[in-house]
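kindly return the folded structure for what I paste below:
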Amino acid sequence: MAKQCYITGKKNMTGHSRSFSMNATKRKWKANLQKVRIIDEDGEKKTVYVSARALKKHNLRRA
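This next block holds a predicted model:
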């Protein structure tokens with residue numbers, strides 16, 4: 001399974017890198033995902049990927 005933010009759903013984005021001569025080559029922009037242990041709604045400890053912005057903004061219960 002590909003890495004994806006547990007809260008926001010952010011994942012890698014794809015597109016083209018354009019050179020000065022306008023040649024297009026495929027590239028990826030990776031999301032800033034951090035591996036964290038949280039306590040979910042059921043009270044279970046889970047290891048999930050969370051984006052850096054979601055870590056700052058949302059009040060997560062860390063395990």
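
going forward, measure contacts between C-alpha atoms and count neighbours the same way
Noted.

strands of the protein, residue ranges please.
With strands called from DSSP state E, the chain shows them at 13-18, 24-29, 33-39, 45-51.

without its sequence neighbours, what residue ends up closest to residue 26?
residue 16 (4.6 Å; C-alpha to C-alpha, 6 or more residues apart in numbering).

wait, the one you found sits on residue 23?
No - Residue 16 is beyond contact range of residue 23, at 9.0 Å (criterion: C-alpha atoms under 8 Å).

just to revisit the earlier point, and of the strands of the chain, who's closest to residue 61?
Ranking these by their distance to residue 61 (criterion: C-alpha to C-alpha) puts strand 33-39 first, at 5.6 Å.

ok, and what's touching the closest one?
With contact meaning C-alpha atoms under 8 Å, 6 or more residues apart in numbering, strand 33-39 is reached by 3-5, 45-52, 60-63.
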